[in-house]
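Engineer: Fold the stuff below for me.
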Amino acid sequence: MVRLLAATMLAVVVVLMVGTGCARWLPVKTDAAVENAIVAGDWQKVAQLAAAWHEREPDYYVPVQLMSEAYVRLGNIDGVVEAWKIIYAPHRSRPWDWGEAGRWARHVSSTYADSPTAWQTAARLLYVAGEVAQARTAADAAIRLAPDDWASWRVSYLADTTAHYNAKALADIDHAMRLKPEAPLLYEERALTYRDMRDYDHALADLNKAIDLAPKWFWLYRYRSTVYMGKKQGDKALADLNCALELDPEYGDAYVTRAWLYYVEHKDQAQLADLDKAIDLKPFDVNARVARARALEDKDQHEQAIPDEEDLVELLKQARTAGAIEARGEAQYDLKRYRAALRDYGRAIALDPRSASAYMGRYHVYVALSDFADAAADCTKAMALSPRWDEPYWRRGIARLYMGDFESAAQDFTRAIELAPRYYEGYCGRSLAYEKLGKAAEAKEDFDTATKLGGKAAEKWVDLVKRTIDYEEEKRRYGNAPMMPRQHGWPFTEP
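Structural biologist: Have a look, this model is predicted:
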């Protein structure tokens, strides 16, 4: 590893990337002056130097992430907004390359191995790059070197929550908050964990506190809108999304979220208008294109949906990171190119064997191909990587329902319920397993709990999975059965 010593000179180094069995060298753009400021913990200087670096190289992802990190450390509310507006800037010539963040992080952590701030910054950028295992290693190093620094516990939280260790993640961020009280970022991040656990009351309390501390952080209103949506308070969700867009009219993610709210409210034209706006702002936005393609599919406008899905594949054709290739696999799946999707998910797994989400993405492809044994096997692999994540358990339960293994399915759903008692999916699945096992009272109790938690979404979930179970039983009994119509998202789950 080569590092130029001149503090103001821009350097290009290379790091060894290992993937798909072969080694390759990729360039890493570095700035020794920025790195020295990070090691010194001079975050004001980091912010200034990173801003200048961004002006020189506006398409390089690392400087703007370092600006954001520096402003967070300084408690500069307006500075964080400035950095985020650059990250979410519309009409960019190309998408950000998240892999650049990971390569830079590996460089800086190996070059300054005794610096806690280097490890903290590396962990943050590895998290952004989707490199979960490496982020965990960097976070552990940061805690070992600086156990009394709130930033060490914050990056540990990020690594834990990405791996779905929610209980440990909450313990980590609580520790960070004791060391750094009144930090809006920490309230924001803890709220997102509570939201993902469907603990909406705690999530709402934390987001309210974050907004009190940083009312100009436009993204907080979008996050709070998703909590209100979970609480079935659509009017409050819409008000928050409108507020986010008033603060930043070019915030594409807010249009995508509002489109989902319009979908729930059956406002089809408003939904498509918001998705069109989001794609106009960010033509390469994977989430917006997937959402519009699915919206068109739901309206049986299949031919209109194909260009969005084709564009996704084209946009991601040069993908090099595991996360981008995984996203391309999802696009291939949406296009019903199942063999291509399997290849992409396989490549993503080869690049990052510790990615539980890639296994869960491939699960959907196997289910679409009626290969339930391999689908269940991928869930098992995801469990080994993220044992506290509920989704692999209830999805393996679904695969086992389709295979007729109702006893094992019931066990999987029970474990999912233990991990996530506020999620309706486990109760839905177990009610079907109990029904097949002749446990009518238990089945009814679970179904009632599911509908209390999920409402009509739970009812639809049960109906579609039940019809698929019946179809697979017919196939096993007679060797053939009339083809059932396959809907997008089959088996149905909420986005």
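
Engineer: how about the nearest residue to the most centrally placed residue in the chain, chain neighbours excluded?
Structural biologist: Centroid-nearest residue in the chain, with Cα atoms, centre = their mean: T162, separated by 8.0 Å. Among residues not flanking T162 along the chain, V132 sits closest, at 4.9 Å (Cβ to Cβ, 6 or more residues apart in numbering). No exception for glycine: its C-beta is placed from N, CA and C like everyone else's.

Engineer: list the contacts for that neighbour?
Structural biologist: Contact analysis of V132 by Cβ atoms under 8 Å, 6 or more residues apart in numbering lists 159, 162-163, 352, 354-355.

Engineer: are any of these buried, and which?
Structural biologist: 159, 162-163, 352, 354-355 (16 or more other Cβ atoms under 10 Å).

Engineer: Show me the residues you listed that map onto helices.
Structural biologist: Mapping the buried ones among the contacts of V132 onto helices (DSSP state H) picks out 159, 162.

Engineer: Throw the buried ones among the contacts of V132 into TSV and include distance to A384, thanks.
Structural biologist: Listed next are the buried ones among the contacts of V132 as TSV, based on distance: Cβ to Cβ, whole Å:
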residue	distance to A384
A159	17
T162	16
A163	12
D352	15
R354	10
S355	12
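
Engineer: Take the buried ones among the contacts of V132 and lay them out in a markdown table including pLDDT and distance to K232.
Structural biologist: Formatted as a markdown table, these follow (pLDDT from 0 to 100; distance: Cβ to Cβ, whole Å):
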| residue | pLDDT | distance to K232 |
| --- | --- | --- |
| A159 | 89 | 32 |
| T162 | 81 | 28 |
| A163 | 77 | 30 |
| D352 | 82 | 36 |
| R354 | 82 | 36 |
| S355 | 84 | 33 |
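
Engineer: Out of the buried ones among the contacts of V132, the closest to F413 would be?
Structural biologist: When these are ranked by distance to F413 (Cβ to Cβ), A163 comes first, at 22.2 Å.

Engineer: hang on, the earlier thing: out of the buried ones among the contacts of V132, which is nearest to D240?
Structural biologist: Nearest member of the buried ones among the contacts of V132 to D240, counting by Cβ to Cβ, is T162, at 25.3 Å.

Engineer: I'd assumed E131 was in contact with the closest one.
Structural biologist: No. Counting by Cβ atoms under 8 Å, T162 stays clear of E131, with 9.5 Å between them.

Engineer: Look up how far D352 lies from the residue nearest to T162.
Structural biologist: 8 Å (Cβ to Cβ, to the nearest Å).

Engineer: likewise E425?
Structural biologist: 26 Å.

Engineer: now swap in A151 and tell me
Structural biologist: In terms of Cβ to Cβ, A151 sits 25 Å off from D352.

Engineer: next one: A368
Structural biologist: Between A368 and D352 the computed distance is 23 Å (Cβ to Cβ).

Engineer: Also P421?
Structural biologist: Taken as Cβ to Cβ, the span from P421 to D352 is 30 Å.

Engineer: Which parts of the protein belong to which domain?
Structural biologist: Structural domains assigned to the chain are 1-180, 182-283, 384-495, following automatic domain parsing.

Engineer: Would you reformat these as TSV and include distance to Y363?
Structural biologist: Formatted as TSV, the domains of the chain follow (distance: least, Cβ to Cβ, whole Å):
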stretch	distance to Y363
domain 1-180	15
domain 182-283	19
domain 384-495	6
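
Engineer: So T30 belongs to a helix, correct?
Structural biologist: No. Assigned with DSSP: H, G, I helix; E, B strand; the rest coil, T30 falls outside any helix and is strand.

Engineer: Test my guess that it contacts H107.
Structural biologist: Yes. Contact status for T30 versus H107: in contact at 6.2 Å, counting by Cβ under 8 Å.

Engineer: before we move on, back to that, Y345: which of the domains of the chain is closest?
Structural biologist: Taking Cβ to Cβ, domain 1-180 is the member of these nearest to Y345, at 13.3 Å.

Engineer: by contact count, what packs against the lengthiest helix in the chain?
Structural biologist: When the chain is parsed with DSSP H, its longest helix is helix 456-478. For helix 456-478, the elements it packs on are helix 391-403, helix 424-436, helix 440-454, judged by 3 or more Cβ pairs under 8 Å, 6 or more residues apart in numbering; DSSP states H and E.

Engineer: want to throw those helices into CSV with mean pLDDT?
Structural biologist: Listed next are the helices and strands packed on helix 456-478 as CSV, based on pLDDT from 0 to 100:
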stretch, mean pLDDT
helix 391-403, 96
helix 424-436, 95
helix 440-454, 94
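
Engineer: JSON lines please, covering the ones you listed and showing distance to F372 and mean neighbour count.
Structural biologist: Formatted as JSON lines, the helices and strands packed on helix 456-478 follow (distance: least, Cβ to Cβ, whole Å; neighbours: other Cβ atoms under 10 Å):
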{"stretch": "helix 391-403", "distance to F372": "4", "mean neighbour count": "26"}
{"stretch": "helix 424-436", "distance to F372": "14", "mean neighbour count": "26"}
{"stretch": "helix 440-454", "distance to F372": "22", "mean neighbour count": "17"}
